[in-house]
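[1] next comes the sequence, and after it the predicted model I'd like to discuss.
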Amino acid sequence: VTRVADQPSAFDVLVAQAAERLERSAFDFLDGGATDEITLDANRRAFERWCLLPRTCVDVSTVDVSVELRHARLDVPYFVAPSGAHRLFHPDAEFASAAAAKSSGAVYVTSTAASVSMEELAAVAPDERWYQLYCFRDRGVVADLVRRAEHSGYRALVVTVDAPVLGRRLRDVRNNFSVGPEIRWANLEPYGAADLGGPTDGSVVARYFADQIDPSITWDDIEQLVASTHLPVYVKGVLHPGDARRAVSAGVQGVYVSNHGGRQLDRVPATLDALGDIVEAVGDELDVLVDGGVRCAADVVIALARGADAVGLGRLVIYALAAGGQASMTAVLDELRDDLIHTLRLLGVPRLRSLDRSSLVPARPTES
Ligand SMILES: Cc1cc2nc3c(=O)[nH]c(=O)nc-3n(C[C@H](O)[C@H](O)[C@H](O)COP(=O)(O)O)c2cc1C
């Protein structure tokens with residue numbers, strides 16, 4: 001008998017298609033994590049430790065999947081997390097991923113390391129578009145990037161703080177990961193810092209980070225960033241509740257619980273496990289965003305029920321981009337929305353805003 005469980009899932013098919021279409025070193029850059037990839041695996045496994053606990057006899061004839069952040073109402077509770085160099089994954093690059101986000105109603109966060117500039121992208125990206133910032137050694141570059149984001153209609157800044165140096169991505173080191181001249185960090189062209197090319201021993205991205213990114217930033221710098229812009233600021237890469245408290249006094253809009261998809265420090269907690277204490281610490285005062293290991297609608301529901309206000313999609317949508325460009329990514333996002341509505345109906349939760357921990361119960365370990 002062939003059981004459904006013996007068939008590859010839709011997600012497995014997507015990953016296989018991405019693996020087939022990409023060069024090995026590009027696939028490894030996308031798929032891999034830091035060091036022993038323990039956190040990469042932990043992010044996924046954390047979702048399996050929760051069961052959904054449905055309520056019955058609830059009117060679920062209509063379902064509302066919108067959520068409220070402090071500065072915006074989102075039509076769907078997830079957003080495209082920032083990731084760099086989409087031209088590495090598909091020739092249409094960020095034009096494809098931003099258009100897919102727009103057509104399916106999701107917020108799009110573009111990376112400092114994007115292969116299309118934020119100005120070029122503004123025409124195809126959703127109105128609710130955010131800009132992810134890395135803190136460069138040259139603070140003039142940071143100030144200019146912020147000004148450009150304001151001028152080109154980005155509605156929030158996401159400053160990534162878990163990468164003072166790049167994680168040890170051993171797959172990239174082993175592959176001597178390098179890129180062709182067509183892969184440039186387009187946002188950085190005006191500052192002469194866009195070129196990733198040249199010989200390496202190890203990973204080209206690691207070398208770039210060591211040259212350009214400032215490992216000395218502190219909360220004072222975050223405070224200065226907040227003071228320098230009218231845009232709301234999210235701090236991405238927070239795992240410690242003490243940092244979340246510090247973020248409150250820095251005046252940010254929210255904390256973004258993330259371990260960079262297991263690509264920075266290995267052996268940190270799964271983000272779903274770190275989320276609870278952070279929601280407890282600051283959930284009443286700040287937006288709490290989370291990403292890491294989200295692969296389907298049930299994962300989104302679990303993260304929101306654990307107290308997140310919105311959920312970031314990383315590899316899920318990049319595998320889709322690699323598998324078939326804008327069309328594949330749109331299909332994945334549309335299916336996620338349909339599946340979310342379906343899941344909430346079966347869970348007996350017609351309004352996402354009223355979802356809470358009472359819809360979850362810890363999975364019991366299987367008896368041997
Ligand atoms: C290929 C790739 C590139 C990434 N580039 C960035 C980046 O430029 N800036 C950033 O803040 N995070 C970056 N991230 C991390 C994502 O924003 C996100 O935290 C992570 O992918 C979430 O985990 P998931 O892939 O398991 O969903 C990247 C992730 C991947 C997979």
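    It's in.

[2] now do the residue in the chain that the ligand sits nearest to, the pLDDT please.
    Ranked by Cβ to the nearest ligand atom, the top residue of the chain for proximity to the ligand is Gly314, at 2.2 Å. (Glycine included, C-beta is placed from N, CA and C.) In the prediction, the pLDDT value recorded for Gly314 is 98.

[3] now swap in Gly180 and tell me
    Looking at Gly180, the pLDDT reads 81.

[4] now swap in Arg184 and tell me
    Looking at Arg184, its pLDDT stands at 83.

[5] near it, how many other residues are there?
    Counted with other Cβ atoms under 10 Å, residues neighbouring Arg184 total 21.

[6] now swap in Asn43 and tell me
    Asn43: 26 surrounding residues under other Cβ under 10 Å.

[7] now do Arg353
    Neighbouring residues of Arg353 were enumerated by other Cβ under 10 Å; the total is 14.

[8] number of nearby residues for the spatially closest residue to it that is not a sequence neighbour?
    Ranked by Cβ to Cβ, 6 or more residues apart in numbering and with sequence neighbours excluded, the top spatial neighbour of Arg353 is Val67, at 6.3 Å. The number of residues packed around Val67, counting by other Cβ under 10 Å, is 22.

[9] closest to the centroid, which residue in this protein?
    Central residue of the chain (Cα atoms, centre = their mean): Ala81, 2.8 Å from the mean position.

[10] ok, that residue to Ile38 distance?
    In this structure, Ala81 lies at 21 Å from Ile38, with Cβ to Cβ, to the nearest Å as the measure.

[11] Ala310 now?
    The gap separating Ala310 from Ile38 is 27 Å, by Cβ to Cβ.

[12] for the stretch 151-300 of the chain, what lies in contact range of the ligand?
    With Cβ under 6 Å from any ligand atom as the criterion, the stretch 151-300 of the chain comes near the ligand at residues 160, 236, 258, 260-261, 291-294.

[13] next, the buried residues of the helix or strand hosting Ala98.
    When elements are defined using DSSP states H and E, Ala98 is found to belong to helix 93-103. Within helix 93-103, the residues that qualify as buried by neighbour count (16 or more other Cβ atoms under 10 Å) are 93-102.

[14] so where's the stretch 1-150 of the chain uncertain?
    By pLDDT under 70, the low-scoring segments of the stretch 1-150 of the chain are 1-2.

[15] where along it do the helices fall?
    Ranges of helices in the stretch 1-150 of the chain, per DSSP state H, counting those that start in this stretch, are 10-21, 24-31, 38-48, 93-103, 118-122, 139-151.

[16] pick the most deeply packed of these.
    The highest average neighbour count among the helices of the stretch 1-150 of the chain, using mean count of other Cβ atoms under 10 Å, belongs to helix 93-103 at a mean of 24.

[17] how many neighbours does Pro54 have?
    Residues within reach of Pro54, counting by other Cβ under 10 Å, total 14.

[18] wait, it touches Thr343, no?
    No - shown here, Pro54 and Thr343 do not form a contact pair, counting by Cβ atoms under 8 Å, at 9.7 Å.

[19] quick one on the thing from earlier: would you list the phi and psi of the residue nearest to the centre of the chain?
    The phi and psi values for Ala81, taken as degrees, to the nearest 10, are phi -70, psi 150.

[20] so it versus Glu48, what's the distance?
    In this structure, Ala81 lies at 21 Å from Glu48, with Cβ to Cβ as the measure.

[21] can you map out the strands along the chain?
    If you assign secondary structure with DSSP state E, the strands in the chain sit at 50-52, 67-68, 73-74, 78-80, 107-110, 129-133, 156-160, 233-238, 254-257, 287-291, 310-313, 360-362.

[22] name the single longest helix found in the protein.
    helix 315-347 (DSSP state H).

[23] buried set for that one?
    So helix 315-347, judged by 16+ other Cβ under 10 Å, has buried residues 315-326, 328-333, 336-337, 339-341, 343-345, 347.

[24] could you pull up the mean pLDDT of stretch 324-340?
    Here the mean pLDDT over stretch 324-340 is 98, rounded to a whole number.

[25] and it, anywhere near the ligand?
    No - applying Cβ under 6 Å from any ligand atom, one finds stretch 324-340 separated from the ligand by no less than 12.5 Å.

[26] so how far is stretch 165-174 off the chain centroid?
    How far stretch 165-174 lies from its chain's middle: 19 Å, per Cα atoms, centre = their mean, to the nearest Å.

[27] export only the CA atoms of it, formatted as PDB.
    Below are the C-alpha coordinates for stretch 165-174, written out as PDB (Å, rounded to 0.1, in the frame of the first residue of the first chain):
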ATOM      1  CA  VAL A 165      30.600  38.900  11.700                       C
ATOM      2  CA  LEU A 166      29.300  36.300   9.400                       C
ATOM      3  CA  GLY A 167      28.500  32.800  10.800                       C
ATOM      4  CA  ARG A 168      30.700  29.900   9.900                       C
ATOM      5  CA  ARG A 169      28.900  28.500   6.900                       C
ATOM      6  CA  LEU A 170      31.000  25.500   6.300                       C
ATOM      7  CA  ARG A 171      29.200  24.500   3.100                       C
ATOM      8  CA  ASP A 172      30.200  27.800   1.600                       C
ATOM      9  CA  VAL A 173      33.800  27.600   2.800                       C
ATOM     10  CA  ARG A 174      34.100  24.000   1.400                       C
END
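
[28] great, nothing more from me.
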